Structures are given as structure tokens and as C-alpha cells.
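**Student:** one predicted model, sequence on top.
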Amino acid sequence: MSFHTPSPFRRAPRALAAALAAALLLTLAACGDEKPAAPAAAAAPATDPLEVVVPPAMAGNFKVQKLGQAEIAAVQEVSGRIEANERQVTRIGASVTGRVTEVLAEVGDRVRPGQVLARVASPELTTAQLGYLRAHASTALAERAVERARQLIQADVIGSAELQRRESELSIARAELRAAGDQLRLIGIPAGAIAQLRDAGSLQAQAAVVATQGGVVVERKISQGQVAQPGDPLFTVADLGNVWVVGALPEQAARNVQTGQSVEIEVPALGGRLLSGQIVHVGDTVSAETRTVAIRTQVDNAQRELKPQMLATLRIQGGAQKMLALPAAAVVRENDRDHVFVKQADNRYRLAPVELGAASNGVRPLLKGVPEGAEVVVEGAFHLNNERKRAELE
């Protein structure tokens, strides 16, 4: 019996296949034992830029106070400007038609009542003076006629009716003379010149444009050589001994303002110096364009420091009422808005936006933003805000 031995070349493919299978099993096993990669760690939350944490050593630099109500007088702030008192403003013109021959005053000059501001050559002036001379001659003639009539009636030459007629003519002549003199005075001829005209017959060649009140020339609308007409405002003279401060209230706030209320006026051109006054006028109508009501106060200006068209701020003092309020030192101005620091925890504060009313005696009413009872930084808020900005930059 014979045995068949397999060839080594026939056993090789089986061995190779087994080795490959074992290697594959080992690879799969290794892959099965490998753990999945851990997820990336979550990013730390960003710090609130409105919050600030201060070291305990700095806590004593900031004073905190609970927000509560206080009796304060409501203050209404109104933008305004200085204007001349219209009751003390005079617009001066020529009293006759004529050509301007001389200008004697300029804008800014101080003038007194009766001072000559300009001169005008006018045919009307000559006509008026001749009319006065005729009236004067007629009066003198009528006076002599009455005197003769009285002598004749004593001699029984004429009757009483003739004397009465001549006395009537004298009364009319005297009235015409007075009217002619009044016309010359209206034209601007002084009393001395009228007397000289009556006694010597000297005519005035020019009419004077005369200041009717003292003050400052604030406007001039006259030039040499121009023709002036009666009624044309050639000069404007204002007495600036007291001036108006005018403003405009929103129509919603006008009902809270009355004549006689106290007003505090701040004029930036005077270095923020405060002036006091009272409301003298509240408008009865609302402007259709701006929906505001005009108000006016009068201020003494003996030193002439207030100039027309200077800007001003009017603070109208209202009645006292109870409302949330905080010291003005607690307010921080940031991004054109008012803010305060509210305490969140020990040594931790947060900047909160608020809406505030106008300051009154160092206190500002709180209209919106922080609830009653919140702890607010009332001293050191400015330095606390600097600390917040420094921490934000770091």
C-alpha cells in the first residue's frame, strides 16, 4: 500500500492565507480597543464689560447708598438766548423826504436823548419854515387889527360886531401859528432854531434825525446820499439796561409753567455764572413748526455784560414733590448717556444706564433705569469707571 505525500508548493498558499487572516484579526482587535477622542473643552464665558470687580483693599474708596425717594423741586431746562427788551427799543427815521447829507452815528455808539444821528436836506423843510413865517406874519397882522378895532370902538367909530370879527380872525391866526410850529418840531427843528426863525427869519437848510431815547445803536440802515422817506427805520436804538431771556417750552410742559415762577439762568459766555429772574410772559399760542410755547424773562443788565443773541439755559423751578433721586456725584457720563454703578455683590459693581432729570441743589431725580432700594455708588463713581475701563483693556 502506498501513501501520497502532498507537495510543499501546494501547502504554501494555505499557510499564507491563514497568516493574513490572523493579521487582520489582530488589526481589528486593536481598533476595537482604541478609545474615541475627547471633545474640545468648552470656551470660557466672556467677561461682562459693564461689570467691575475691585480688590478688597480698594472697597473703602467707594461709598454705596440705597436708592430712595426725596423731596425735590422739579426743574425744567430750556434752551434760550438773550434779546433786547422790545419795550426799550426805538426805531428812528426821518420826518421829511430828503437826501441824507451827513451820518453822525454808527452801530455800537451810545447816544443820549435828543442827540443828532443824521442830517437830511429836504424841500419839505423849506416849505414848512415858510409856512411858519406866513402864519407868524398873519398873527402879528391880526393882533394889530384887533388893537385898532378896540381903539375905534372906544371912539364909537365901529360897532362891537367888527371887533368880534377881528378877534375871531386873531384866534384862527394864532392856531395856525401853533400848528406850523408843531410841524417844525416834528420835523426835528429845535425850539431855539424856531425862535431864531421867528425873530430873524433864518431858515434851516437841513432837518436833523434825532435820537428819541438814550441807548446803544444796534442797527443802521442809512448811507450818505440816499433818499430817506418818512417812516423808513434808519436807526435802531436799544436801552440794554435790562434785557429779555427768551426760550421755547415743549407744548406738553407748558401747562406746568406760569408767570411769576422763579428762573435760574446760566450764560456760557459769562463763564457759567448763574443769574436769577422770574417768568414775565408765557405765550398763549403754540408754534405750528416747532410745537413749542414761547416764554420770556427779564434780567437786569446794569453792567452791560449780557449781549443780544448770547446763548443761555433757563432752569425753571417747579413745586417740590417726592420722587426717586440720587446725588449728582453718582452719575457717570458714558457714550453720551447717564449711568450709575449698582452694587451686585461685595466688591462687585455693574454700570447701568439711567434717565435723569435736571439737577436741583446737587440732587438729580431718577426717571428710569434703576429700581428703588438698589445700592448705588454715590462717591467714587468716576474712579470706579476708570477701573472698569482698565480691566476691560487688560
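**Tutor:** Thanks, I have the structure now. Numbering: from 1, shown residues only.
**Student:** Pro49 belongs to a helix?
**Tutor:** No: going by DSSP: H, G, I helix; E, B strand; the rest coil, the assignment for Pro49 is coil, not a helix.
**Student:** setting aside sequence neighbours, what's the nearest residue to it?
**Tutor:** Using C-beta to C-beta, 6 or more residues apart in numbering and skipping residues adjacent in sequence, the residue nearest Pro49 is Glu392, 5.1 Å away. Just so you know, the C-beta spots here come from the backbone N, C-alpha and C atoms, and that holds for glycine as well.
**Student:** what packs against the helix or strand in which Phe382 is found?
**Tutor:** Per DSSP states H and E: Phe382 is located in helix 381-393. On a contact count with 3 or more C-beta pairs under 8 Å, 6 or more residues apart in numbering; DSSP states H and E, helix 381-393 meets strand 51-53, strand 332-334, strand 337-345, strand 348-356.
**Student:** just put those strands in TSV and tack on mean pLDDT, mean neighbour count and distance to Thr127.
**Tutor:** Converted to TSV, the helices and strands packed on helix 381-393 look like this (pLDDT from 0 to 100; neighbours: other C-beta atoms under 10 Å; distance: least, C-beta to C-beta, whole Å):
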stretch	mean pLDDT	mean neighbour count	distance to Thr127
strand 51-53	90	17	89
strand 332-334	90	15	72
strand 337-345	93	18	73
strand 348-356	92	18	71
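**Student:** in this structure Asn61 contacts Gly380, no?
**Tutor:** Yes: using C-beta atoms under 8 Å, Asn61 is in contact with Gly380, at 5.0 Å.
**Student:** closest one to Gln278 among the helices and strands packed on helix 381-393?
**Tutor:** Of all the helices and strands packed on helix 381-393, strand 348-356 sits nearest to Gln278, with 26.1 Å by C-beta to C-beta.
**Student:** the closest one vs strand 337-345, what angle?
**Tutor:** 150 degrees (axes from the mean of the first three to the mean of the last three C-alpha atoms, to 10 degrees).
**Student:** next SSE downstream of strand 348-356?
**Tutor:** Once strand 348-356 ends, the next helix or strand along the chain (criterion: DSSP H and E) is strand 363-368.
**Student:** what about that following strand, average pLDDT?
**Tutor:** Taken as a whole, strand 363-368 has an average pLDDT of 88.
**Student:** for whichever helix or strand comes after it, list the C-alpha coordinates in CSV.
**Tutor:** Following strand 363-368 in sequence order, the next helix or strand is strand 375-379 (DSSP H and E). Backbone C-alpha positions of strand 375-379 (Å, rounded to 0.1, in the frame of the first residue of the first chain) are rendered in CSV as follows:
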residue,chain,number,x,y,z
GLU,A,375,-27.5,100.0,46.2
VAL,A,376,-25.8,102.7,44.1
VAL,A,377,-22.2,104.1,44.3
VAL,A,378,-22.6,107.7,45.4
GLU,A,379,-18.9,108.5,46.0
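**Student:** start at 119, not 1
**Tutor:** Noted, 119 is the first residue going forward, which turns the last one into strand 493-497.
**Student:** quick one: buried residues of strand 493-497?
**Tutor:** Buried residues in strand 493-497, counting neighbours by 16 or more other C-beta atoms under 10 Å, are found at 494-496.
**Student:** and the residue nearest the centre of the chain, how far from Val417?
**Tutor:** What sits nearest the mean C-alpha location of the chain, by C-alpha atoms, centre = their mean, is Gly198, with 2.0 Å. Gly198 sits 11 Å away from Val417, taking C-beta to C-beta, to the nearest Å as the criterion.
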